[in-house]
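Visitor: the amino acid sequence is not available; the structure is as follows:
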Ligand code: SAM
Ligand code: SF4
């Protein structure tokens with residue numbers, strides 16, 4: 001049977017695109033596999049938001065060439081943001097690739113898959129012959145072909161971005177805002193739920209700027225509508241822009257019980273002059289006001305962010321303002337980056353901060369952020385948390401890796417649990433006995449098919465018992 005392996009780098013938009021590719025492939029009769037070494041089609045969904053993402057994609061392409069050398073029937077495909085940006089260079093540098101599809105070409109990729117499927121049908125030899133041992137995690141990308149992939153669904157609500165932050169490549173490779181009709185979004189959510197999704201993530205680069213194209217619904221309305229779908233288990237969304245976090249959205253977030261208690265609101269930096277040059281459209285004080293509103297309406301939720309250091313012209317004083325803001329806000333998680341110049345963006349032409357200064361600032365920022373992240377994880381020690389399984393732990397396959405609803409990584413031994421049982425019941429209740437910067441670890445107390453309140457009450461009672469025993 002023809003099979004497809006899809007490896008994804010980058011952000012939630014790429015995750016959603018990979019899901020689209022997997023759906024189109026499945027509709028054409030492919031099996032979606034987690035094993036590149038036995039797949040008839042191998043897809044690399046690439047990212048170009050920073051230079052190292054680009055290097056990793058080219059490195060992985062070179063590794064995949066070995067698959068084609070070992071079996072010329074294999075089709076190699078590159079798609080995503082790097083493919084959009086580097087189409088010509090890629091076709092020249094990697095002639096062994098069968099197709100390069102940009103971010104706006106996904107429907108065409110779906111058509112190519114359908115056409116190739118017929119080619120494979122004429123082949124009388126079995127494709128599932130092991131061709132070579134390829135490190136499945138070599139690229140460190142996410143793969144949609146694993147046994148737990150259907151548990152999380154990423155549903156695109158909007159493509160592109162029109163905000164043009166001066167450092168960002170996204171509007172250049174994905175185009176301007178293009179909001180999907182509400183009916184299409186709901187239909188896709190229903191399909192995901194029918195397939196057994198336990199968690200739906202609504203994705204967009206500036207998801208909270210969503211506006212139904214025909215007029216009417218805004219993002220708060222969209223959240224309410226999706227949260228009311230029959231059978232919905234958990235709901236979450238990525239990524240929000242501070243400018244579009246309104247009082248209406250805050251109020252709605254505070255009342256929807258299906259929403260995961262986490263909010264990702266990138267601040268990027270803590271200095272007004274830098275925010276202005278970044279074209280972020282808010283000041284530090286305006287960001288603080290949004291956070292005050294969030295803490296009032298969504299008490300106890302995790303707040304996470306993105307930060308860039310060494311943006312062109314960032315002085316030591318600017319950077320210290322970022323450190324102070326992080327100390328003040330105490331993020332539950334922060335993704336920190338050194339500025340990476342992107343071709344075609346305004347900031348790429350501005351005078352760069354020396355690389356050693358950038359790396360030193362990244363280290364200092366990590367030290368501050370790690371304190372609040374670790375403190376967030378420490379609060380879970382001695383409690384029972386409910387987490388959605390992601391798959392076997394990468395470091396030890398006898399353990400499961402899962403995510404709590406506030407997005408904290410949980411690692412726990414599978415113990416006597418049967419994997420097939422966990423796949424059918426992917427929520428696990430874990431008693432947390434150790435906290436780290438990367439997450440928490442503990443012991444699995446049981447599984448649950450759904451995120452139902454009754455069982456959580458049992459888990460909470462267990463927490464109280466445990467605390468009483470300490
Ligand atoms: N749309 C989201 C927003 O407005 O915050 C984020 C999109 S981007 C894919 C994810 C993160 O990558 C950004 O929040 C930013 O921190 C980081 N990033 C984007 N361009 C970058 C660059 N040129 N150099 C370093 N980090 C960058
Ligand atoms: Fe990039 Fe800014 Fe748009 Fe986010 S809001 S995708 S950082 S341009």
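Guide: Great, that's in hand. None of these values were measured; they are calculated from a predicted model. Ligands and ions are numbered 1, 2, ... in the order given.
Visitor: can we go C-alpha only for contacts and neighbour counts from here?
Guide: Will do.
Visitor: the protein: helices as residue ranges?
Guide: For the chain, the helices defined by DSSP state H cover 12-27, 51-70, 81-93, 106-122, 170-174, 182-194, 219-227, 247-255, 272-278, 284-297, 316-329, 355-378, 419-424, 453-469.
Visitor: compare the ones you listed and give me the one nearest ligand 1.
Guide: Closest to ligand 1 of the helices of the chain, according to Cα to the nearest ligand atom: helix 170-174, at 6.8 Å.
Visitor: and the closest one, what does it pack against?
Guide: helix 81-93 (3 or more Cα pairs under 8 Å, 6 or more residues apart in numbering; DSSP states H and E).
Visitor: tell me which residues of the helix it packs on come out buried.
Guide: 81, 82, 83, 84, 85, 87, 90, 91 (16 or more other Cα atoms under 10 Å).
Visitor: name the nearest of the residues you listed relative to ligand 2.
Guide: Closest approach between these and ligand 2, by Cα to the nearest ligand atom: residue 81, at 12.3 Å.
Visitor: now the closest one. Nearest residue, chain neighbours left out?
Guide: Using Cα to Cα, 6 or more residues apart in numbering and skipping the chain neighbours, the partner closest in space to residue 81 is residue 47 (5.1 Å).
Visitor: show me what contacts that neighbour?
Guide: The contact partners of residue 47, by Cα atoms under 8 Å, 6 or more residues apart in numbering, come to 9, 10, 11, 14, 53, 54, 57, 80, 81, 82.
Visitor: at 7 Å what do you get?
Guide: 9, 10, 53, 54, 80, 81, 82 (Cα atoms under 7 Å, 6 or more residues apart in numbering).
Visitor: show me what from the stretch 101-250 of the chain comes close to ligand 2.
Guide: The stretch 101-250 of the chain has residues 161, 163, 164, 165, 168, 170, 171, 205, 206 near ligand 2, with proximity defined as Cα under 6 Å from any ligand atom.
Visitor: from the residues you listed, which land in strands?
Guide: Within those, no residue falls in strands by DSSP state E.
Visitor: now those residues as TSV including neighbour count, distance to residue 246 and pLDDT?
Guide: Formatted as TSV, these follow (neighbours: other Cα atoms under 10 Å; distance: Cα to Cα, whole Å; pLDDT from 0 to 100):
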residue	neighbour count	distance to residue 246	pLDDT
161	23	19	96
163	17	17	97
164	17	21	97
165	20	20	98
168	24	24	97
170	21	24	95
171	18	23	95
205	26	17	94
206	22	13	96
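Visitor: near the closest residue to residue 281 other than its chain neighbours, how many residues? Count them for me, please.
Guide: Nearest non-adjacent residue to residue 281, counting by Cα to Cα, 6+ apart: residue 243, 6.7 Å away. Residue 243: 17 surrounding residues under other Cα atoms under 10 Å.
Visitor: and the residue nearest to residue 352 when sequence neighbours are not counted, what pLDDT?
Guide: Spatially, and ignoring its direct neighbours in sequence, residue 352 is nearest to residue 312 (4.8 Å; Cα to Cα, 6+ apart). Note on residue 312: pLDDT of 98.
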